[in-house]
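Enquirer: Sequence plus predicted model, see below.
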Amino acid sequence: MTRRMTRDDLVAEIQCLKKEKQAVILAHNYQVGEVQAVADFVGDSLDLSLRAAETDARIIVFAGVHFMAETAAILSPDKKVLIPSLEAGCSLADSVTTEDILRWREKHPEGVVVSYVNTTAEVKAVSDYCCTSSNAVKVVAQIPEGREILFVPDFFLGTYVMRQTGRRLTLWPGHCHVHYRFTLSRLLDLLEAVPKARLLVHPESQASWVLSELVQQGQVPADRVQFASTGGMVRAAAEAPEGSVFLIATEVGLVQRLQREFPNKTFMPVDEEAVCEFMKMTTLEGVYRSLRDEVYPVTVPEEIRQRAERALRRMLEIR
Ligand code: 13P
Ligand code: SF4
């Protein structure tokens with residue numbers, strides 16, 4: 001009878017396979033702790049796409065969701081990109097199609113399409129720019145005034161970008177079901193209940209639009225609230241003095257990362273049930289199988305890849 005592999009065996013095998021196959025593991029901040037622990041890099045969508053573009057590894061195992069692995073395949077066409085679970089999608093990315101964008105373009109031939117990185121390769125291919133939660137404001141701000149802009153697919157990130165840039169955008173009515181849980185009343189109640197805490201809010205949150213307005217009007221003190229990507233939250237936590245207390249409005253995987261890395265600071269999830277089931281489909285066993293059997297390859301047809309790469313590279317140049 002074959003012995004069942006222990007967690008330590010799995011970790012050791014993964015490390016061996018990485019060397020043998022010249023592979024790197026890139027993991028998103030929402031991945032479970034044991035997957036983050038075997039990764040060569042853990043970060044947000046922007047940092048992960050930069051790593052994918054720069055790596056000289058032969059294989060990239062992407063511990064994240066499908067659009068992230070696709071982004072790696074677009075930016076690194078000579079690498080083999082693998083995703084451990086084919087079911088790891090994203091409800092937000094599925095909320096807009098190429099046809100939706102082409103219809104808008106027909107009516108607005110001079111318009112500019114900015115698509116959040118949480119989109120399919122096909123949608124990126126019919127977009128002018130991509131953006132992530134950490135650079136969306138910069139990407140929109142550099143588009144010449146007077147140009148019509150369609151921002152897809154996250155409505156709440158779009159409202160936040162409108163407020164920060166003062167630009168009018170046509171917004172797509174998509175949202176992330178996890179960040180939809182972060183309502184204004186929940187965030188305001190917690191700010192009141194934990195007066196020494198600073199609130200870190202992902203701009204995909206349902207409250208982004210009104211909360212950013214309340215901060216701008218001085219009704220909520222600006223030093224108590226910060227909007228940030230998951231990577232921006234890690235940086236904010238790293239820079240804060242020992243003993244700091246944070247309320248975290250994003251998926252719980254990030255809260256767990258923060259608590260592990262900064263044990264002398266306190267991180268309170270705004271909602272313990274804010275779990276992205278797609279991100280949790282990747283397991284340590286899945287990563288091991290992915291490396292061992294080289295499954296599941298993520299590829300993008302060359303004609304789509306080249307057009308999607310243009311939108312991604314335009315974003316990367318703006319940083
Ligand atoms: P970040 O780029 O901030 O990590 O966000 C990705 C995401 O999917 C948020 O739900
Ligand atoms: Fe998509 Fe939301 Fe999950 Fe992020 S948290 S991957 S936006 S479903």
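Expert: Okay, I see it. Numbers count the residues shown, from 1 in each chain. Ligands and ions are numbered 1, 2, ... in the order given.
Enquirer: Can you show me the helices along the chain?
Expert: With DSSP state H as the criterion, the chain has helices at 7-21, 33-38, 45-54, 66-75, 98-107, 121-125, 136-141, 155-165, 184-193, 208-216, 230-239, 252-261, 284-293, 302-318.
Enquirer: Around ligand 2, which positions in the stretch 201-319 of the chain sit nearby?
Expert: 251, 276, 278-279 (Cβ under 6 Å from any ligand atom). C-beta here means a position set from N, CA and C on the backbone, and glycine is covered the same way.
Enquirer: Could you list the residues of the stretch 1-150 of the chain in contact with ligand 1?
Expert: Going by Cβ under 6 Å from any ligand atom, the residues of the stretch 1-150 of the chain near ligand 1 are 29, 44-45, 118, 132-133.
Enquirer: If we use 8 Å, what do you get?
Expert: Counting by Cβ under 8 Å from any ligand atom, the positions of the stretch 1-150 of the chain adjacent to ligand 1 are 28-30, 43-46, 48, 65, 68, 90, 92, 117-118, 132-134.
Enquirer: thought Gln36 was touching Leu26?
Expert: No - Gln36 is beyond contact range of Leu26, at 10.7 Å (criterion: Cβ atoms under 8 Å).
Enquirer: which neighbours do those two share?
Expert: Common contact partners of Gln36 and Leu26 (Cβ atoms under 8 Å, 6 or more residues apart in numbering): Ala63.
Enquirer: who's more crowded, these two?
Expert: Taking other Cβ atoms under 10 Å, Gln36 and Leu26 do not tie; Leu26 has more neighbours (26 against 21).
Enquirer: Please name the residues that touch that one.
Expert: Counting by Cβ under 8 Å, 6+ apart, Leu26 touches 39-41, 43, 48, 51-52, 60-64, 72.
Enquirer: which pair in the residues you listed spans the largest distance?
Expert: Of all pairs drawn from these, the greatest distance, 14.8 Å, lies between Gly43 and Val61 (Cβ to Cβ).
Enquirer: before we move on, the earlier item: buried by neighbour count, from the contacts of Leu26: which ones?
Expert: By neighbour count, with 16 or more other Cβ atoms under 10 Å, the contacts of Leu26 hold 39, 43, 48, 51-52, 60-64, 72 as buried.
Enquirer: Can you find the helix or strand in the chain with the smallest mean pLDDT?
Expert: The helix or strand of the chain with the lowest confidence, counting by mean pLDDT, DSSP states H and E, is helix 45-54 at a mean of 94.
Enquirer: So for that helix, what gets flagged as buried?
Expert: 45-49, 51-53.
Enquirer: That one and ligand 2 in contact?
Expert: No - using Cβ under 8 Å from any ligand atom, helix 45-54 stays clear of ligand 2, with a minimum separation of 8.8 Å.
Enquirer: Between helix 66-75 and that helix, find me the angle.
Expert: Put simply, helix 45-54 runs at 30 degrees to helix 66-75, going by axes from the mean of the first three to the mean of the last three Cα atoms, to 10 degrees.
Enquirer: same for helix 45-54, what does it pack against?
Expert: Using 3 or more Cβ pairs under 8 Å, 6 or more residues apart in numbering; DSSP states H and E as the contact criterion, the elements in contact with helix 45-54 are strand 23-28, strand 41-43, strand 59-63, helix 66-75, helix 302-318.
Enquirer: Of the ones you listed, which stretch is the most buried?
Expert: Burial of these is given as mean neighbour count (mean count of other Cβ atoms under 10 Å); strand 59-63 ranks first at a mean of 28.
Enquirer: related to what we said a few turns ago, so which of the helices of the chain comes closest to Ile149?
Expert: That would be helix 136-141 among the helices of the chain, by Cβ to Cβ, at 6.6 Å.
Enquirer: What lies in contact with that closest one?
Expert: Contacts with helix 136-141, where a contact means Cβ under 8 Å, 6+ apart, come from 114, 116, 129-131, 149, 151, 157, 160-161, 164-165, 167, 169, 203, 315, 318-319.
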